[in-house]
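Student: Sharing a model prediction with you, sequence too.
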Amino acid sequence: MVLAYGYRATGLSAYDLTWNAPKRAGLDGAVERGGWGVNGRSRLATSWVIGLTLSLALSVSGCASRHLAVSTAQAGVSGAVSPSGPATTAPAPSSGPSSEPLPRAESQQPTDQDFAAVRRLMAERARTVINGNRAAFLSTVDPTSPAFVAAQKVFFANLQDLPVTSMRYEVGTSGLPNAAGIHGGPLLSPPVVEHVYFSATDQRPVAVQVNNTFVERSGRWLLAADSPSPDSGYLGRATARPWAGPRIDVVQRGHLIVVADASAPGRAAEVADQVQEDLAFDAEVLDVPTADHLMVDATSSGSVTTFNNDEAAGAVTFAVGAGDDFEVTRVAGLRVKLNPDLIDQLLSDPVILKHELTHYLMFSYSGLNPKWLTEGLAEYVSHRPGGLATEYLSSESYDRLMSRPRALTVAGLFGLDPATDYPLAMASVTYLVNHGGMGRLKRLMAAYAQHTDGVYGDEYTGRLLRKFYGMSASDVARGAFALLGALR
């Protein structure tokens, strides 16, 4: 599953390691770079919202077959990997005419040889990125569209600046033989998943389904269009693929990667400074080790989610997925996406990044922890040391909050009134910390996370609160409202 924690800012004008090691051949045969290891103020009026995506499965729209082949960037090997078997070494493509499909009518249906040629093309594309061969990379691109060629030059340059360990593509064995806006030869649009691995930051390669269209020119298939798939859910958006947008500036600090638009010089470094400072702050409050296996995206590529009231999100924390055979089944790593239109406000506000980075540091506790607990903890940490007294509440919001039933907010209702949901969640966590410290609160969260049935774990709240605090949910709610009542 993907947990997406969103930060919605009101009152605005508009809301796990990294190094440059030499390339080496990995155990899986892929060419790699690097490896994996462990390791009284004026502020924005803020409230908070959380979203959850329940499935990481990437849809295969328009695909008649689930049988897939994999194009892999390997050390001197053009590999074809069956989803059910190990990699096999395929002979290098011949330059002779017998290895190329013959020219034919644009309406002719694609053959197995066409799909094989596309797989070889994508294997070459991945290999040229890893090897840093710009000329060879551009030879995989349809040269008839200057705008697309220019975009692909930026794509290649961005990946060269990022610490990419390995890259490969899955390509379907069937697909649509047409696409809009591309002319001059037979077209093919099979399902494609791009796997990019930042081994120093992520646990696994990040899988993103993309819309690739290929055109046959003079008997050779070339890439003619490349964009995120609109059918692959949250992870398919450009939000999970910042290297596919404008030229980026990349800053690495320890295990942290920060990307921002190159058109804003110094922005990536500024964000990295603030993230490092806030990670250290959050880790101290939470009493957890400081970690930074994270990519923070401050680019204009992609977007943050919007909420039911159409207000823009300021930041969102989400997991990116990994898998094979067009199924994303595991978490690859974590991302924080900042709204590029609000960067100055986000960096000047002392709460926003601290809140998002709390979600990152506590991700291992996410499991079935209820929203009031995870969001309440992020609010508690981000408002330290001032606490509830520094939580923004207008008079109208405060009156609405104090008129609410004395109960914890369950998942189905949380977020319907963010202006009161989040202060109540923060007060609930504050009450628990006051009655058992941070250690007991983390043990409570760990107990929630052990459960695998359900979605948010609200059904376990009564039993777990009695076990760890000797209290009922109503007791905690009444204690939270007592703290809130003391604010006025």
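Tutor: Cool, the structure landed.

Student: what are the bridge partners for Asp261, then?
Tutor: Note on Asp261: beta-bridge partners by DSSP bridges are Ile248.

Student: For it, give me the pLDDT.
Tutor: Model confidence at Asp261, given as pLDDT, is 96.

Student: dump the residue contacts of it.
Tutor: Contact partners of Asp261, counting by CB atoms under 8 Å, 6 or more residues apart in numbering, are 246-249, 267, 298-300, 340. To be clear about C-beta, it is placed using only N, CA and C from the backbone, and glycine gets the same treatment.

Student: ok, of those residues, which come out buried?
Tutor: 248-249, 267, 298-300, 340 (16 or more other CB atoms under 10 Å).

Student: can I get those residues in TSV with secondary structure, pLDDT and distance to Thr329?
Tutor: Formatted as TSV, the buried ones among the contacts of Asp261 follow (DSSP: H, G, I helix; E, B strand; the rest coil; pLDDT from 0 to 100; distance: CB to CB, whole Å):
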residue	secondary structure	pLDDT	distance to Thr329
Ile248	strand	97	29
Asp249	strand	98	33
Arg267	helix	96	35
Ala298	strand	95	29
Thr299	coil	94	27
Ser300	coil	89	31
Pro340	helix	83	31
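
Student: okay, which residue is most central for this structure?
Tutor: In the chain, the centroid-proximal residue (CA atoms, centre = their mean) is Val320; its distance is 4.0 Å.

Student: residues near the nearest residue to Asn158 once chain neighbours are set aside, how many?
Tutor: Nearest non-adjacent residue to Asn158, counting by CB to CB, 6 or more residues apart in numbering: Trp243, 4.0 Å away. The number of residues packed near Trp243 is 24, by other CB atoms under 10 Å.

Student: Please spell out which residues along stretch 254-263 are buried.
Tutor: Buried residues in stretch 254-263 (16+ other CB under 10 Å): 254-262.

Student: what about the helices in the stretch 151-300 of the chain?
Tutor: Ranges of helices in the stretch 151-300 of the chain, per DSSP state H, counting those that start in this stretch, are 267-286.

Student: Any stretches of it with poor pLDDT?
Tutor: Along the stretch 151-300 of the chain, the model assigns pLDDT under 70 to residues 177-181, 228-238.

Student: His451 belongs to a helix?
Tutor: No. Under DSSP: H, G, I helix; E, B strand; the rest coil, His451 sits outside any helix and is assigned coil.

Student: Find the nearest non-adjacent residue to it, please.
Tutor: Leu368 (4.7 Å).

Student: mind putting the buried ones among the contacts of Asp261 in JSON lines, distance to Phe363 included?
Tutor: Below are the buried ones among the contacts of Asp261 laid out as JSON lines (distance: CB to CB, whole Å):
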{"residue": "Ile248", "distance to Phe363": "25"}
{"residue": "Asp249", "distance to Phe363": "26"}
{"residue": "Arg267", "distance to Phe363": "26"}
{"residue": "Ala298", "distance to Phe363": "20"}
{"residue": "Thr299", "distance to Phe363": "22"}
{"residue": "Ser300", "distance to Phe363": "26"}
{"residue": "Pro340", "distance to Phe363": "24"}
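
Student: quick one: which of the residues you listed is nearest Tyr197?
Tutor: Nearest to Tyr197 among those is Ile248, at 17.9 Å by CB to CB.
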